[in-house]
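Student: sharing a sequence plus its predicted fold:
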Amino acid sequence: MNETGVQITAGLGGFLVLFGLCLALWFLGRDLTRRLRRMRRAEDVRLQQEHEARRPAEQDGAATERHEGGQPDGARADEDPIG
């Protein structure tokens, strides 16, 4: 096929370009992983704070519910709770 005997390859330049692209991809993947972990931790903290803030409100609501005759939220005293 090749009668002149000369091989055409990418050589050192092609290797360096490919190596640079691989390094860039590795750094981007590392940065993405770090950002996702940080976001996951922030979301866990936010959910924990939301849960802690809701807990006292639920306890206050349960105490108020017992004092008001034990009617569930949205139900009126003159309505039949079953149907």
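Tutor: That came through, no problem. These figures come from a predicted structure and were not determined experimentally.

Student: okay, now the unreliable bits of the protein?
Tutor: For the chain, the stretches with pLDDT under 70 are 1-2, 57, 60-83.

Student: and the helices in it?
Tutor: For the chain, the helices defined by DSSP state H occupy 11-67.

Student: count the residues that sit near residue 37.
Tutor: By other CB atoms under 10 Å, 10 other residues sit near residue 37. All C-beta atoms are positioned from the backbone trio N, CA, C, and that covers glycine.

Student: correction: residue 27
Tutor: Residue 27 has 10 nearby residues by other CB under 10 Å.

Student: can you check residue 54 too?
Tutor: 11.

Student: distance check, it against residue 32.
Tutor: Distance of residue 54 to residue 32, given as CB to CB, to the nearest Å: 32 Å.

Student: how about residue 58?
Tutor: From residue 58 across to residue 32, the span is 38 Å (CB to CB).

Student: ok, residue 49 next?
Tutor: For residue 49 relative to residue 32 (CB to CB), the value is 26 Å.

Student: distance check, residue 37 against residue 43.
Tutor: Taken as CB to CB, the span from residue 37 to residue 43 is 11 Å.
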